[in-house]
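K.L.:
For reference, the sequence and a predicted model appear below.
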Amino acid sequence: MSSEKKTVIVKYVKGSERFELIVYADAALDYRQNKVSELDKVVAVDEVFTDSSKGLRAPRDKLKKAFGTDNVKEIEKEIVLKGDLPLTTEQRRRLIEEKKKQIISFISKNYVDPKTNMPHPPLRIEQAMGMISVQIDPFKPAEEQARAIVDKLRPYLALKTGNVTLYFKIPSKYVYQTIKVIKEFGEVKEESWGSDGSYSGKINIPVASQSAFFDRVYSATHGEALVKLVE
């Protein structure tokens with residue numbers, strides 16, 4: 001059976017009752033991640049069971065009592081979204097790999113090498129992670145896991161974090177395209193508009209992002225912007 005057609009059983013407890021739904025493994029995971037919106041592509045058997053292995057269908061009155069409705073589609077949707085969805089080995093591997101990339105990206109964007117004040121390349125961070133014991137949870141936020149991993153990385157990789165405040169002034173002819181770039185980095189403080197149409201302000205960003213900020217703003221303004229560190 002192809003991975004696209006592999007089915008799993010989602011188990012769900014509602015009140016004192018237990019229900020089961022047979023779904024396509026990949027489609028159900030995609031549905032939870034908002035990658036698929038059609039429930040018909042998720043549900044393999046259009047029935048709610050009390051015990052799918054025995055073929056025991058949930059009576060309509062039991063569904064109505066537990067869910068407050070006998071609309072099977074609404075019930076199936078709740079079970080898919082909130083039930084216990086078992087992951088296949090391939091799904092877990094893929095989710096862990098995606099989460100690992102998110103963790104590495106977070107560390108690279110928020111920590112620098114204290115000797116150079118520059119971010120460590122993602123490959124260097126990944127190699128350092130290979131030297132420590134790391135258990136990546138595919139469902140926990142990357143930021144939460146990254147902070148714990150950083151503590152373990154410090155004996156192998158010098159890491160410094162913190163924020164810097166930058167002042168910028170953008171010539172009027174570049175404001176429209178540059179203001180979008182600036183706001184990708186964070187919330188602008190003390191912004192003002194000059195009589196010549198220029199736009200200026202201050203922004204507080206992670207120290208690891210300052211090099212990227214300089215590069216992006218100078219690129220958008222062809223080097224005509226003023227950007228400097230606020231002491």
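P.N.:
Perfect, I can see it now.

K.L.:
contacts and neighbour counts: CA atoms only from here.
P.N.:
Fine.

K.L.:
Run a quick check on G197 versus P171, I expect a contact.
P.N.:
Yes - counting by Cα atoms under 8 Å, G197 does reach P171; the two are 7.2 Å apart.

K.L.:
So the two - more neighbours on which side?
P.N.:
Higher neighbour count among G197 and P171: P171, with 17 against 14, using other Cα atoms under 10 Å.

K.L.:
For the more buried one, which non-adjacent residue is closest in space?
P.N.:
Spatial nearest neighbour of P171, excluding adjacent residues (Cα to Cα, 6 or more residues apart in numbering): S198 at 4.6 Å.

K.L.:
Pass me the low-pLDDT residue ranges in this protein, would you?
P.N.:
By pLDDT under 70, the weakly predicted segments of the chain are 1-4, 231.

K.L.:
mind running it again at 50?
P.N.:
1-2 (pLDDT under 50).

K.L.:
Strands along this structure, start to end?
P.N.:
Along the chain, counting by DSSP state E, strands occupy 7-14, 17-24, 49-51, 56-57, 112-113, 118-119, 163-170, 188-193, 199-206, 226-229.

K.L.:
Output the ones you listed in TSV, with mean neighbour count and distance to I75 appended to each entry.
P.N.:
As requested, the strands of the chain are exported to TSV (neighbours: other Cα atoms under 10 Å; distance: least, Cα to Cα, whole Å):
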stretch	mean neighbour count	distance to I75
strand 7-14	19	11
strand 17-24	21	10
strand 49-51	19	11
strand 56-57	14	13
strand 112-113	20	49
strand 118-119	22	48
strand 163-170	19	47
strand 188-193	13	45
strand 199-206	19	45
strand 226-229	15	55
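
K.L.:
Reformat those as CSV; add distance to K82.
P.N.:
Compiled in CSV, the strands of the chain are given as follows (distance: least, Cα to Cα, whole Å):
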stretch, distance to K82
strand 7-14, 7
strand 17-24, 12
strand 49-51, 16
strand 56-57, 20
strand 112-113, 39
strand 118-119, 39
strand 163-170, 38
strand 188-193, 38
strand 199-206, 36
strand 226-229, 48
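
K.L.:
Out of these, which is closest to R216?
P.N.:
strand 226-229 (11.1 Å; Cα to Cα).

K.L.:
From the contact counts, what lies against the closest one?
P.N.:
strand 163-170 (3 or more Cα pairs under 8 Å, 6 or more residues apart in numbering; DSSP states H and E).

K.L.:
For the strand it packs on, report the contacting residues that lie outside it.
P.N.:
Here strand 163-170 makes contact (Cα atoms under 8 Å, 6 or more residues apart in numbering) with 178, 198-207, 210, 221, 224-231.

K.L.:
closest to L157 out of the strands of the chain?
P.N.:
Closest to L157 of the strands of the chain is strand 112-113 (Cα to Cα; 8.1 Å).

K.L.:
and the closest one, how far out from the chain's middle?
P.N.:
23 Å (Cα atoms, centre = their mean, to the nearest Å).

K.L.:
hang on, isn't S52 packed against L21?
P.N.:
Yes - here S52 reaches L21: they are 7.4 Å apart, a contact under Cα under 8 Å.

K.L.:
okay, and the common contacts of the two?
P.N.:
Shared contacts of S52 and L21, defined by Cα under 8 Å, 6+ apart, comprise I9.

K.L.:
Give me the distance between the residue lying closest to L157 once chain neighbours are set aside and Y111.
P.N.:
Leaving aside its sequence neighbours, L157 sits nearest to A128 (Cα to Cα, 6+ apart; 6.8 Å). Distance, A128 to Y111, using Cα to Cα, to the nearest Å: 14 Å.
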